[in-house]
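Student: could you look at this predicted model? Sequence included:
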Amino acid sequence: MKVRLARRYAQAFFRLAVEQKILYEAEKELSLIEQALAETEVHAFFANPGVATAAKKETIVRVFGPYVSDFVQNFLCHLIDKRRTDMLPEIIKAYRVLVKQASNILEVEIVTAIPLADLDREQLTAQLANVTGSAIELRSRVDHRILGGLIIQIGDKRIDNSVVAKLGNMKKHILQQIVNRK
């Protein structure tokens, strides 16, 4: 439920940012807020239910006022009023996804057993861009457990072309053949 609610807040913030034509500026400002909230003391202050709502709002205006727009300040104050500041990281993440969708950018995660060479990375990015018709933002990570091949994650779609997956499929097929013979 928390993720769904964060998405709803992000969608509302996104629609308002589009109306005001400050989509990317708002994203930059939210990144600044996110960095500040990553500090333990700042996070503890806003998470503390013993700190009055008015004090939290005043802190937003005093600390972030010179760096973020009234639009973002008002959004943060609304979250404080609704006691939803704990959801801010999820809201920011969901907002970034919406901005990328609006910009026709797909986030793609690639998992390989060994690091991808730069040329392979460029070729894979170009092929994915050609297939999807979108600009690709490629993140890669290494997981030695897949033994070889690769796993491609695009949103909620997963293409598992790893050696481990192929071995697992072979095992299922062989076991199914054994069961069918009996």
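Tutor: Cool, got the structure. Numbering: from 1, shown residues only.

Student: now the one helix or strand in the chain whose mean pLDDT sits lowest - C-alpha only, CSV.
Tutor: Ranked by mean pLDDT, DSSP states H and E, the weakest helix or strand in the chain is helix 40-47, scoring a mean of 88. The C-alpha trace of helix 40-47 is given here as CSV (Å, rounded to 0.1, in the frame of the first residue of the first chain):
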residue,chain,number,x,y,z
THR,A,40,21.0,10.9,9.6
GLU,A,41,20.2,14.0,11.7
VAL,A,42,18.0,15.6,9.0
HIS,A,43,16.1,12.3,8.6
ALA,A,44,15.7,11.9,12.3
PHE,A,45,14.3,15.4,12.7
PHE,A,46,11.6,15.0,10.0
ALA,A,47,10.8,11.4,11.2
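
Student: measure residue 5 to residue 86 for me?
Tutor: 11 Å (CB to CB, to the nearest Å). (Each C-beta comes from the backbone N, C-alpha and C, glycine too.)

Student: again but with residue 138, I slipped
Tutor: Distance check for residue 138 against residue 86: by CB to CB, it reads 31 Å.

Student: please apply the same query to residue 155.
Tutor: 25 Å.

Student: what of residue 108?
Tutor: 29 Å.

Student: now residue 180
Tutor: Applying CB to CB to residue 180 and residue 86 gives a distance of 53 Å.

Student: okay, those two: which has more neighbours?
Tutor: Neighbour count, other CB atoms under 10 Å: between residue 180 and residue 86, residue 86 has more, with 14 against 7.
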